[in-house]
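Peer 1: with the sequence up front, the predicted model follows.
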Amino acid sequence: MQNYFIPGRYDISTEVNGKVYNGYYTESKGMITVHYNCHSETTKKSSNNDVIAEIILGELVRKYGNN
C-alpha cells in the first residue's frame, strides 16, 4: 500500500484469520472514516477511535476480500 501524507491520518492494523491487514482512518467534523483497499466506512468519533477503527477495518476486510 502506498502511503501518502494526509493530515489527520492514523495508520491502523487488524488481524483476520491469523493474517494482519493494514488500513488507516481520518477524522473530520466529528466523524472518522476508515479506509481499506479502495473501500471506506464512516462512523461517529468516540474516545476510543483506534479501537473502533480497527473493528471497522476488520469488517471491511471480511466484506470486500482480503487480497
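Peer 2: In hand now; what should we look at?
Peer 1: tally of neighbours for the closest residue to residue 54 other than its chain neighbours?
Peer 2: Spatially, and ignoring its direct neighbours in sequence, residue 54 is nearest to residue 14 (4.7 Å; Cβ to Cβ, 6 or more residues apart in numbering). From N, CA and C alone the C-beta is placed, and that goes for glycine too. A count of nearby residues for residue 14, using other Cβ atoms under 10 Å, gives 19.
Peer 1: list the residues that contact residue 14.
Peer 2: For residue 14, the contacting residues are 20-21, 23, 54-55, 57-58, 61, by Cβ atoms under 8 Å, 6 or more residues apart in numbering.
Peer 1: over to residue 64?
Peer 2: Contacts of residue 64 (Cβ under 8 Å, 6+ apart): 36-37, 39.
Peer 1: dig out what the residue nearest to residue 54 forms beta bridges with.
Peer 2: residue 21 (DSSP bridges).
Peer 1: that one and residue 7, how far apart?
Peer 2: From residue 14 across to residue 7, the span is 23 Å (Cβ to Cβ, to the nearest Å).
Peer 1: in this protein, mark out all the helices, start to finish.
Peer 2: For the chain, the helices defined by DSSP state H cover 49-64.
Peer 1: what bridges to residue 33?
Peer 2: Per DSSP bridges, the residues bridged to residue 33 are residue 26, residue 42.
Peer 1: my read: it touches residue 42, true?
Peer 2: Yes: under the criterion of Cβ atoms under 8 Å, residue 33 makes contact with residue 42 at 4.5 Å.
Peer 1: who has more neighbours, these two?
Peer 2: Applying other Cβ under 10 Å to residue 33 and residue 42 shows that residue 33 carries more neighbours, namely 15 against 12.
Peer 1: next up, the contacts around the more buried one.
Peer 2: Residues in contact with residue 33, defined by Cβ under 8 Å, 6+ apart, are 25-26, 40-42.
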